[in-house]
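> need coordinates for the below:
(4 chains)
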2 protein chains.
Amino acid sequence: MVKLDGRAETLLKTLIEIYISDGQPVGSRKLARYANLDLSPATVRNVMSDLEDLGLIQSPHTSAGRIPTQQGYRFFVDTLLKIKPIRQKALDEMQDTLSTEADPKLLLAKTSELLSQLTKFAGVVLIPGQRTSLFRQIEFVSLAPERVLAILVTDDGRVQNRVIPTDRVYSQNELIEAANFFNDTYGGNSLAEVRRILLEEMQRDSDEMHRIMATALAVAGKFFDEEENGGENVVLRGEQNLLNVPDLCQIDKLQKLFDAFKTKQDLLDLLDRSMRVNGISIFIGEESGYRSLGDCSVVTAPYEHDGEVIGTLGVVGPTRMSYDEIIPVVDVTARLLSCALSSHPEKYQ
Amino acid sequence: MVKLDGRAETLLKTLIEIYISDGQPVGSRKLARYANLDLSPATVRNVMSDLEDLGLIQSPHTSAGRIPTQQGYRFFVDTLLKIKPIRQKALDEMQDTLSTEADPKLLLAKTSELLSQLTKFAGVVLIPGQRTSLFRQIEFVSLAPERVLAILVTDDGRVQNRVIPTDRVYSQNELIEAANFFNDTYGGNSLAEVRRILLEEMQRDSDEMHRIMATALAVAGKFFDEEENGGENVVLRGEQNLLNVPDLCQIDKLQKLFDAFKTKQDLLDLLDRSMRVNGISIFIGEESGYRSLGDCSVVTAPYEHDGEVIGTLGVVGPTRMSYDEIIPVVDVTARLLSCALSSHPEKYQ
DNA sequence: ATTTAGCACTCTCCGAGATCGAGTGCTAAG
DNA sequence: CTTAGCACTCGATCTCGGAGAGTGCTAAAT
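Sure, this is the predicted structure:
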């Protein structure tokens, strides 16, 4: 860990703040004026030279000012940053938005949207990874003479249904009996397990009810199983905000970024990693390890349900962002989302 | 309608083809060489001058070649264009992709994705406007002692469910009886209608079953009713392809475009309009009437289910696109989607 | 009457200076 | 250790001139 004396720290902090606010390399004269240290530009130059040797700042070319390096930003957010409190009005708005949405899927989408609106960057929410679901209950409802609706319920209270055409007409009683049989026999096993057993049974006797249940399971599995659900477990909003960011206005950077958004893999890894961290995580530029996010920073925070971390959310923006404003927004959003999730317990049974 | 002699037509056609393929203004020498008309550049210049007077081409500045105007493109696609047949291999691929997807929502998403992949532009699919659903059937399933699952089926075979907490425990028989009552009493009415009646009934007696059904209806309505479904009825894919298009590589153009993609309103209007047209529609640049799509062309085709047009799909790309390749792709995709929809009748019952 | 060659003209697109301003690094004095 | 002074470097901007592309016009040819 780099050590700096107070003066160097103040100058680094001031330099980064100036650079974040106007995006231009900061010269010694300007820095001397803003730092309130009563130093001449020449002295500031000496300190800047030291900071450059430490790898915290760099100059784009001989006669420009200095800009922070990734390490500079890292040092800044780790030890120099004082975050601003969030605006009360924004807070109220957020609370309104999030507390009025009952459907959990839409809630996450709204959260992502909210993040992007508040920060003017892209908002992102990782949808909680689904643990393997256990089969609890199946019910059959007769829709039309040869059409049965199968309703499958898992132990975590999620429901999925599928209309299945049948070979013959089933009576109400037959359907109820079949359902009871399946429920008693297979309740508590994982969906995959039940599917396997069913397929075996079907080899032996070719009872149609088995086929019906297998079909229902196949559909349910598609929705519940983690693997098959892949690719759609992160909600990204406000990408177009990043077109407005002057730091990213080069087509090739944008291209890289939007490709990352499309494949989602890198973003997913990143969010997943940050889920295991307590509190805010900040990934600056390429230090995240993902080339595609090289020109960006990502600020994330995990959110909870029932006191357990189930996902993360965050903001993707340029490395040159106002961390002191973005961080509290992400932080508060995570808290509010946790609240909103907890206040609708019936959703998860 | 503009009238041109054969020579002028050939030259205009050749000019547009050259311009579409290399994106540079076309000069008289080059045009004379490519047009196979055995004319000198000077003659070609005379013709070009006429075409410019007619507003079909223009020159960016005195000493560049000519490029087509919007009217030029319009004339080109209306009267000069010979579309290429689609590659057999691409066709097979498309067929594979579309015929293996049973879920209609995912099918539309895949279709959009496919359009974007084949054209390297953005694909877009308008999700059929839902006609007002009629209530057909409700069933109640006991999940836990004080938790009832309500399953609501509409006359077009769509199913929606909701877990509802109850004040007391209901027996299997009670639930079946209640369901039968509701089904007999309200079957065939629109969801909105049923909701209205239920609310009235609830004023008079405060039977809990009424409340349960009303809750179920409220949720179902959210999913089925057209109004509430607004905003999410167009599937856009491959936006990031447009970042690669050299014609659009100016940030402000992209910004306009991506804003349009986000709000979706203009796109929706456009697609909706084209649904009422038979066959391919082509909107070139600003002639669509939407500023946000000013730098783009949109090629659309309606698709059908049961012989009835229920939606449209299309491609959004730069005005300088290979219409002779894009048009058949859109055309074929629309046909294949129509087929795919028809071959899964159980989805819509 | 149409087509063509010839030619002057107009623009854009570089690349080569020239200039300016910002900011640095070094040195020597305070 | 700090500061003033100063030479130096580099990018940004401007201008100028030449090269290249392409046009429009005119007058001759078909």
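
> what packs against the helix ranked longest in chain A?
For chain A, the longest helix by residue count, based on DSSP state H, is helix A:323-342. In this structure, helix A:323-342 makes packing contacts with helix A:88-99, helix A:104-119, strand A:296-305, strand A:308-318, judged by 3 or more Cβ pairs under 8 Å, 6 or more residues apart in numbering or on different chains; DSSP states H and E. For every residue, glycine as well, the C-beta is placed using N, CA and C.

> could these go into TSV alongside distance to DNA strand C and mean pLDDT?
Output for these, formatted as TSV (distance: least, Cβ to the nearest atom of the strand, whole Å; pLDDT from 0 to 100):
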stretch	distance to DNA strand C	mean pLDDT
helix A:88-99	34	91
helix A:104-119	29	92
strand A:296-305	24	95
strand A:308-318	21	94
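
> relative to A:Leu217, which of these is closest?
Closest approach to A:Leu217 among the helices and strands packed on helix A:323-342 is made by helix A:104-119 (22.2 Å; Cβ to Cβ).

> which strands and helices sit next to the closest one?
Where contact means 3+ Cβ pairs under 8 Å, 6+ apart, helix A:104-119 is packed against helix A:88-99, strand A:122-126, strand A:234-237, strand A:308-318, helix A:323-342.

> low-scoring stretches of chain A, by residue?
Low-confidence segments of chain A, defined by pLDDT under 70: A:1, A:102, A:129-131, A:156, A:206, A:219-232, A:343-349.

> for it, which segments count as helices?
Under DSSP H, chain A gives helices at A:6-22, A:28-34, A:41-53, A:70-75, A:88-99, A:104-119, A:172-186, A:191-204, A:208-224, A:251-263, A:265-275, A:323-342.

> which one of the ones you listed lies nearest to A:Ile151?
helix A:208-224 (8.1 Å).

> give me the neighbour count for the closest residue in space to A:Met209 that isn't next to it in sequence.
If the residues on either side of it in the chain are set aside, A:Met209 comes closest to A:Ala178, at 4.6 Å by Cβ to Cβ, 6 or more residues apart in numbering or on different chains. The number of residues packed near A:Ala178 is 21, by other Cβ atoms under 10 Å in any protein chain shown.

> go ahead and confirm A:Ala178 touches A:Phe140.
Yes: A:Ala178 is within contact range of A:Phe140, at 6.4 Å (criterion: Cβ atoms under 8 Å).

> returning to that earlier point: want to try a markdown table for the helices and strands packed on helix A:104-119, with mean neighbour count as columns?
Converted to a markdown table, the helices and strands packed on helix A:104-119 look like this (neighbours: other Cβ atoms under 10 Å in any protein chain shown):
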| stretch | mean neighbour count |
| --- | --- |
| helix A:88-99 | 14 |
| strand A:122-126 | 27 |
| strand A:234-237 | 20 |
| strand A:308-318 | 23 |
| helix A:323-342 | 20 |
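
> between these, which one is nearest to DNA strand D?
Nearest to DNA strand D, of all the helices and strands packed on helix A:104-119, is strand A:308-318, at 18.6 Å by Cβ to the nearest atom of the strand.

> what parts of chain A come near chain B?
Counting by Cβ under 8 Å from any Cβ of the partner chain, chain A comes close to chain B at A:137, A:139, A:141, A:143-144, A:147, A:149, A:151, A:153, A:157, A:159, A:161, A:163, A:165, A:239-240, A:243-244, A:249, A:251, A:254-255, A:258-259, A:261-262, A:346, A:349.

> only whichever of the residues you listed are buried, select them in PyMOL.
Burial among those is assessed by 16 or more other Cβ atoms under 10 Å in any protein chain shown; the matching PyMOL selection reads:
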select buried, chain A and resi 137+139+141+143+144+147+149+151+153+157+159+161+163+239+240+243+249+251+254+255+258+261
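
> out of the residues of chain A next to chain B, which sit inside strands?
A:137, A:139, A:141, A:143-144, A:147, A:149, A:151, A:153, A:159, A:161, A:163, A:165 (DSSP state E).

> can you put those in TSV and add distance to DNA strand C?
Formatted as TSV, these follow (distance: Cβ to the nearest atom of the strand, whole Å):
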residue	distance to DNA strand C
A:Gln137	70
A:Glu139	70
A:Val141	69
A:Leu143	67
A:Ala144	68
A:Arg147	67
A:Leu149	65
A:Ile151	66
A:Val153	66
A:Val159	62
A:Asn161	61
A:Val163	62
A:Pro165	65
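
> quick one, what contacts the residue lying closest to A:Asn183 once chain neighbours are set aside?
Leaving aside its sequence neighbours, A:Asn183 sits nearest to A:Gln137 (Cβ to Cβ, 6+ apart; 5.3 Å). Neighbouring residues of A:Gln137 by Cβ atoms under 8 Å, 6 or more residues apart in numbering or on different chains: A:Leu152, A:Val153, A:Ala179, A:Asn183, A:Gly187, B:Val141, B:Leu143.

> wait, what's in contact with the first one?
Think A:Leu152. For A:Leu152, counting by Cβ under 8 Å, 6+ apart, the contacting residues are A:Phe135, A:Gln137, A:Ile138, A:Val159, A:Gln160, A:Asn161, A:Arg162, A:Ala216, A:Leu217, A:Ala220.

> the first one: neighbour count?
A:Phe135: 25 surrounding residues under other Cβ under 10 Å.

> then the third one?
For A:Ile138, the neighbour count with other Cβ under 10 Å is 25.

> can you get me a residue count around A:Leu257?
So A:Leu257, with other Cβ under 10 Å, has 22 neighbours.

> so who does it touch?
Each residue near A:Leu257 by Cβ under 8 Å, 6+ apart is listed here: A:Leu242, A:Leu248, A:Ser292, A:Leu293, A:Asp295, A:Cys296.

> the last one - how many residues pack around it?
Using other Cβ under 10 Å, A:Cys296 has 28 other residues around it.

> do the fourth one as well
The local packing count at A:Leu293 equals 24, with neighbours defined by other Cβ under 10 Å.

> roughly how far does it sit from A:Gly55?
To A:Gly55, A:Leu293 is 21 Å away according to Cβ to Cβ, to the nearest Å.

> chain neighbours aside, what residue packs nearest to A:Arg136?
Nearest non-adjacent residue to A:Arg136, counting by Cβ to Cβ, 6+ apart: A:Asp155, 4.7 Å away.

> actually, A:Pro68.
Closest residue to A:Pro68 apart from its sequence neighbours, by Cβ to Cβ, 6+ apart: A:Ile16 at 4.9 Å.

> which ones are touching that neighbour?
By Cβ under 8 Å, 6+ apart, A:Ile16 lies in contact with A:Pro68, A:Gly72, A:Tyr73, A:Phe76, A:Leu80.

> what about the closest residue to chain B within the stretch 101-250 of chain A, distance to B:Gln255?
Using Cβ to the nearest Cβ, the single residue of the stretch 101-250 of chain A nearest to chain B is A:Gln240, 3.8 Å away. Between A:Gln240 and B:Gln255 the distance is 7 Å, computed by Cβ to Cβ.

> related to what we said a few turns ago, got CSV for the contacts of A:Leu257, with distance to DNA strand D too?
Compiled in CSV, those are given as follows (distance: Cβ to the nearest atom of the strand, whole Å):
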residue, distance to DNA strand D
A:Leu242, 23
A:Leu248, 17
A:Ser292, 26
A:Leu293, 26
A:Asp295, 18
A:Cys296, 23
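
> which one among those residues gets closest to B:Leu199?
A:Leu242 (46.1 Å).

> next, count neighbours for the closest residue to A:Ile67 other than its chain neighbours.
Among residues not flanking A:Ile67 along the chain, A:Pro25 sits closest, at 5.1 Å (Cβ to Cβ, 6+ apart). Neighbour count of A:Pro25, defined by other Cβ under 10 Å: 19.

> now A:Thr62: how far from A:Pro25?
11 Å.

> likewise A:Leu271?
With distances taken as Cβ to Cβ, A:Leu271 is found 33 Å from A:Pro25.

> swap in A:Asn183?
Using Cβ to Cβ, A:Asn183 is found at 70 Å from A:Pro25.

> and A:Tyr170, by the same measure?
77 Å.
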